[in-house]
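Novice: no sequence on hand, only this structure:
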């Protein structure tokens with residue numbers, strides 16, 4: 001008789017599990033307070049940088065770091081600055097080796113992002129400003145861009 005609940009098929013299914021998520025490092029600066037908290041004559045220039053790093057820590061486990069850096073205003077008119085390194089440990093099982101790198105660099109930060117976004121929004125709000133809700137990030141696009149840069153680097157050196 002055949003197995004009832006697809007026992008062996010379920011054991012072979014590709015899985016991605018977030019084992020733990022955590023803040024590795026966080027900084028929020030309000031360098032010109034209380035002057036920066038008053039009415040502003042023009043909207044501030046908001047700049048945000050995003051980076052993703054990953055490293056394998058066990059056979060199927062990867063630590064993935066989502067780095068968000070940002071600021072509002074410039075120079076003497078800086079309202080605030082922040083740096084967040086938010087990370088997670090992810091277990092990747094039954095995924096072809098050729099697909100592990102994209103899964104780790106696209107899907108893992110995609111899972112981390114909503115939590116990191118909330119940390120930034122609350123810190124900015126707690127700094128006396130309206131919360132800063134960072135727009136969703138296209139991690140697949142960032143991955144393709146990084147892979148294109150990596151492919152061009154050896155060609156430029158040759």
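Specialist: Received it, and whenever you're ready, just let me know what you need. These figures come from a predicted structure and were not determined experimentally.

Novice: the spatially most central residue of the chain pairs with what?
Specialist: With distances taken as C-alpha atoms, centre = their mean, the residue of the chain nearest its centroid is residue 66 (3.0 Å). Note on residue 66: beta-bridge partners by DSSP bridges are residue 52, residue 86.

Novice: where in the chain is pLDDT low?
Specialist: Residue ranges of the chain with pLDDT under 70: 1-11, 154-158.

Novice: look up how far residue 93 lies from residue 62.
Specialist: Between residue 62 and residue 93 the computed distance is 12 Å (C-beta to C-beta, to the nearest Å). Just so you know, the C-beta spots here come from the backbone N, C-alpha and C atoms, and that holds for glycine as well.

Novice: neighbour count winner among the two?
Specialist: Neighbour totals were compared for residue 62 and residue 93, and residue 62 leads with 22 against 14 (other C-beta atoms under 10 Å).

Novice: could you look up the SS state of that one?
Specialist: Of the three states, residue 62 takes strand under DSSP: H, G, I helix; E, B strand; the rest coil.

Novice: distance of it from residue 106?
Specialist: 12 Å.

Novice: now residue 102: which helix or strand?
Specialist: Assigned by DSSP states H and E, residue 102 belongs to helix 97-102.

Novice: actually residue 47, not the one I wrote
Specialist: Going by DSSP H and E, residue 47 is in strand 46-56.

Novice: next, the buried residues of that strand.
Specialist: By neighbour count on 16 or more other C-beta atoms under 10 Å, the buried set for strand 46-56 is 50, 52, 54.

Novice: okay, those residues in TSV with distance to residue 114 next?
Specialist: Formatted as TSV, the buried residues of strand 46-56 follow (distance: C-beta to C-beta, whole Å):
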residue	distance to residue 114
50	14
52	15
54	18
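
Novice: from those, which is closest to residue 139?
Specialist: residue 52 (7.1 Å; C-beta to C-beta).

Novice: mind checking how far residue 117 is from residue 60?
Specialist: In this view, residue 117 and residue 60 are 27 Å apart by C-beta to C-beta.
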